[in-house]
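Asker: 3D, please:
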Amino acid sequence: AGKTDKKKQPGFINTEAPPGKLRVFIADLPQKNIVRAGGLLGMLVHIFDRRHRRIIRRNLKFIYPEWSRQYIRQFSRRVYKNVGITFLEICQMTCFSREKILQKVRIRGDKHLISAMKNHKGAIIISAHIGNWEMANLFCSAYLNSPLVVVARQVSPKILNNWIKIEERRVGKECRSRWS
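Answerer: As a prediction, this is how the structure comes out:
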């Protein structure tokens, strides 16, 4: 009768749920292998994703008109590599315990955030897509031991969006569409 239902605790990842074999394999990979494999995955997507490759290059040219065409191409390849690494890290995170998430992230300057949460004021955290933004979301939920509401646009394809929603619910995160 004194047991707590771990599945209902915010920030807890249900490690008893049977993850797919590929996710377990990815979860056990050392970070250096995630970086290598993610870079290769990103380069494969770069080769076949002509539409987004053009968008990235056009945006970079607009933001940095002084950059050479060659440098923009190199930089866009690095963008794809980073996305590949982030994708594998997200797969890896689905097997992480709360403790593992807390070990993976280093936080600086959390005084204001903790103060706002202790005073029941809540906080608005604004972030860009720099590095693994999904890990930041999981970390905040685990660190504050509190549910997190995130505003974001839906991801396509729909199957990926549905998978992300399942993972978010697992850690006590609620995602609201920016259009609702």
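Asker: What ranges does the protein have for its strands?
Answerer: In the chain, the strands defined using DSSP state E lie at 148-152, 173-177.
Asker: Compare the mean pLDDT across the ones you listed and name the weakest.
Answerer: With a mean of 65, strand 173-177 has the lowest mean pLDDT of these.
Asker: In contact with the residue nearest the centre of the chain, which residues?
Answerer: For the chain, Glu134 is the residue whose C-alpha lies nearest the centre (CA atoms, centre = their mean; 2.0 Å). By CB atoms under 8 Å, 6 or more residues apart in numbering, the contact set of Glu134 is Thr86, Glu89, Ile90, Met93. From N, CA and C alone the C-beta is placed, and that goes for glycine too.
Asker: Which one of these sits in the busiest neighbourhood?
Answerer: In terms of neighbours by other CB atoms under 10 Å, the contacts of Glu134 top out with Met93 at 23 neighbours.
Asker: which ones are touching that residue?
Answerer: Contacts of Met93 by CB under 8 Å, 6+ apart are Ile101, Glu134, Met135, Leu138, Glu167.
Asker: I figured the third one hits Gln103, correct?
Answerer: No. With contact defined as CB atoms under 8 Å, Met135 and Gln103 do not form a contacting pair (11.6 Å).
Asker: Give me the subset of the contacts of Glu134 that lies in helices.
Answerer: Thr86, Glu89, Ile90, Met93 (DSSP state H).
Asker: Low-confidence ranges, this protein, go.
Answerer: 1-19, 127-131, 157, 160, 163-164, 166-180 (pLDDT under 70).
Asker: redo that, cut-off 50
Answerer: Where the chain drops to pLDDT under 50, the residues are 1-18.
Asker: what about Thr86, distance to Ser141?
Answerer: Using CB to CB, to the nearest Å, we find Thr86 at a distance of 18 Å from Ser141.
Asker: Equivalent analysis for Leu29, please.
Answerer: Distance from Leu29 to Ser141, by CB to CB: 24 Å.
Asker: the more surrounded of the two?
Answerer: Ser141 (24 against 17).
Asker: right, and that one touches Leu148 too?
Answerer: Yes. With contact defined as CB under 8 Å, Ser141 counts as touching Leu148 (4.4 Å).
Asker: Identify the farthest-apart pair in the ones in helices among the contacts of Glu134.
Answerer: Farthest-apart pair in those is Thr86 and Met93; separation 10.2 Å (CB to CB).
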